[in-house]
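S.K.: only geometry, no sequence info:
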C-alpha cells in the first residue's frame, strides 16, 4: 500500500460526494428530500436498489463464502428474483395507488395509526442493528488500508469517522444524492471485482477454474441436510430467499423508498425486477473472485495469512496483489459503496421517523416545513446511533453478510405478514395485527438469539425467518380476528379503523 493509493481514495471519496450533492439539487420539501420529487429514472433506481441491499457486504462477505466453501449462495439469487416479481405485481401497486411516502403508510390506511407507528418503530430498531453491521463492513477495508500504511487504529475510531462523514452528504442532498452516488459506486466495485479476476488469472493462469471444479468448489445446488436448519440447502435458499425478497423489497422502507422515487408504477416495477437479475450477476462475480483468491493464496486459510477476520481476505488481496493506484481506486469503491448504503439507511430511517412516528404522535397536523426540519435532525441522530451496534458487533467472528441478513430477517416476516394479512383478512382489526406482529418478531428473535448467543446451534436457518414470521402472523392474527363478525368489514380510512 503506497501513499498514492491513499491519495486516490481521498480524491475518489471527495469526487463522489461532490457528484451526489451536485446532482441532488435543492431540497425544499419532504417529497424532494425523501422521494427525489418522484422523478428519478428507473435504471438509476434499479442500480441504487442493488447497491443499497448489498454494497460493501457483497464485496467483503461473498468472496469468502466461495473461498471457504462453494457457489451454493447463488441458490438464494434465484429466490430473490421470484420474490421481486411477486412484490412488483402484488404489493407495489398499492403503494403507488395511495401516493404514499413510506411502506408503512399502507398499514396506517388499513389498520390505523397504532399499527403504522408500531411497524415504523420496529423498522427503526431493526434497521439500526442491521446497519450497525454495515458500518462495521465499511470499517473492515479501511482498517486494512491503514494497517498497510503503518497507521494502526481500532475499529471504534474508524466507525465514528465513517458515520460522521456519511451524515454530511445525506443531511444536505437527500435521496437524490444517495441514488446517484449509489449508481457511480456500484459500477466501480463491480468492475473492480471483474478486474481482480483478470489480474489473478494473468498471474497464476486460468487453471484455477479447473482446480476449483476438481475440489468440488463449483457446486451450485445442495439438496442434502435438514431443510429447516441447513442454511446451504436448496429449499431454504430458494423458497426462503423468495419470501425474504418479498419482505425486504415489499415492506422494508430502505428499499420501498427508492421504488417510490420512480416516475411511475410501471418504471418502479421494471426497476425492481431488473434489480433481481443484476443482484444474481453480482453474486456470481464476487463468488468467482473468492474461487480465484482460493487458488491465488494456494488454499490457505485466512488465519494462516495473518488476518483477524475471514472477511478481510479480499481487502487483503487488493493491497497485496493489485498494482499501486488500482488498489487505491478499488478500495475507494468499497468505501464509497459502504457509505452510500449507510446514507440510504439514514434517508430511510429519517423518512420513517417523520412520517410513521412524529407525524402520528403529533397532536396537530404536521406542516411540510416541520417535517423537513425534523427529517434532517433525524438524519443526524440516526447517524450517531449507528456507532453503538457497529462497535458491539465487532466481536462477532461470523460471516458479516449472514449476520446482517439474520438480523433483518427477525422483523421481515412480521412486517410482510402484517401487509398480506391486512389484504387477505377483511375482518381483522388493529389489535389483531399488532399482537400477531409482536409475537412473530419475538419468535424469530428467539431463534436468532439461540443460534448466535446461546447454544451456537442452528435450529431454524435464517432464510426461513421471514416465512416463519408470516405463518405466525397469519395464525395468531387469524385466530384473534375470529372475535369480530365477518359481515362487518374494516372501513379503510386514513388514520382510523371502524370498530
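M.R.: Okay, I see it. Note that this is a predicted model, so its numbers are computed, not measured.
S.K.: list the contacts for the residue nearest the centre of the chain?
M.R.: The centroid of the chain falls nearest to residue 53 when counting by C-alpha atoms, centre = their mean (3.3 Å). Neighbouring residues of residue 53 by C-beta atoms under 8 Å, 6 or more residues apart in numbering: 248, 254, 255, 279. The way it works is simple: take the backbone N, C-alpha and C, and place the C-beta from them, glycine included.
S.K.: tell me the spacing between it and residue 84.
M.R.: In this view, residue 53 and residue 84 are 11 Å apart by C-beta to C-beta, to the nearest Å.
S.K.: so residue 104 sits against residue 253, correct?
M.R.: Yes: if you go by C-beta atoms under 8 Å, residue 104 and residue 253 touch, sitting 6.9 Å apart.
S.K.: low-confidence bits of the stretch 151-300 of the chain, can you list those?
M.R.: Scanning the stretch 151-300 of the chain with the threshold set as pLDDT under 70 gives 168-178, 225, 229-231.
S.K.: swap in 90 and give it another go.
M.R.: Scanning the stretch 151-300 of the chain with the threshold set as pLDDT under 90 gives 151-193, 195-196, 203-207, 209, 216, 219-241, 243-265, 298.
S.K.: the strands in it, which residues?
M.R.: Taking DSSP state E, counting those that start in this stretch, the stretch 151-300 of the chain contains no strands at all.
S.K.: mind jotting down where the helices sit in it?
M.R.: Remark: helices assigned in the stretch 151-300 of the chain by DSSP state H, counting those that start in this stretch are 155-204, 207-214, 234-250, 253-259, 265-296.
S.K.: tell me the most buried of those?
M.R.: helix 253-259 (a mean of 27; mean count of other C-beta atoms under 10 Å).
S.K.: elements contacting it?
M.R.: When contacts are defined as 3 or more C-beta pairs under 8 Å, 6 or more residues apart in numbering; DSSP states H and E, helix 253-259 sits against helix 42-53, helix 92-97, helix 113-148, helix 155-204, helix 234-250, helix 265-296, helix 326-352.
S.K.: what's the mean pLDDT across the shortest one?
M.R.: What that stands for is helix 92-97. Mean pLDDT, helix 92-97: 77.
S.K.: okay, buried residues for it please.
M.R.: Buried residues in helix 92-97, counted by 16 or more other C-beta atoms under 10 Å: 92, 94, 95, 96.
S.K.: mind checking how far that helix is from the chain centre?
M.R.: In terms of C-alpha atoms, centre = their mean, to the nearest Å, the centre of helix 92-97 is found 22 Å from the chain centre.
S.K.: and after that helix, which helix or strand comes next?
M.R.: helix 105-111 (DSSP states H and E).
S.K.: mind giving me the packing neighbours of that next one?
M.R.: Using 3+ C-beta pairs under 8 Å, 6+ apart: helix 105-111 touches helix 92-97, helix 113-148, helix 400-424, helix 430-449, strand 492-493.
S.K.: nearest to residue 12, of the ones you listed?
M.R.: Smallest distance to residue 12 across those (C-beta to C-beta): 12.6 Å, for helix 113-148.
S.K.: of all the helices and strands packed on helix 105-111, which one is nearest residue 227?
M.R.: Nearest to residue 227, of all the helices and strands packed on helix 105-111, is helix 430-449, at 15.3 Å by C-beta to C-beta.
S.K.: if I pick the residue lying closest to residue 409 once chain neighbours are set aside, what's in contact with it?
M.R.: Among residues not flanking residue 409 along the chain, residue 465 sits closest, at 3.3 Å (C-beta to C-beta, 6 or more residues apart in numbering). For residue 465, the contact set (C-beta under 8 Å, 6+ apart) comprises 240, 244, 406, 409, 410, 412, 413, 444, 447, 448.
S.K.: which of those residues lies closest to residue 295?
M.R.: Of all the contacts of residue 465, residue 295 sits closest to residue 406, with 30.0 Å by C-beta to C-beta.
S.K.: my guess is the closest one contacts residue 448. True?
M.R.: Yes: contact between residue 406 and residue 448 holds when scored by C-beta under 8 Å: they sit 5.6 Å apart.
S.K.: neighbour-wise, which of these two wins?
M.R.: Set residue 406 next to residue 448 and count neighbours by other C-beta atoms under 10 Å: residue 406 wins out with 23 against 19.
S.K.: give the contact list for the more buried one.
M.R.: Residue 406 is in contact with 448, 451, 452, 462, 465, counting by C-beta under 8 Å, 6+ apart.
S.K.: residue 120 now?
M.R.: Contact analysis of residue 120 by C-beta under 8 Å, 6+ apart lists 102, 104, 253, 352, 353, 355, 356, 357, 360.
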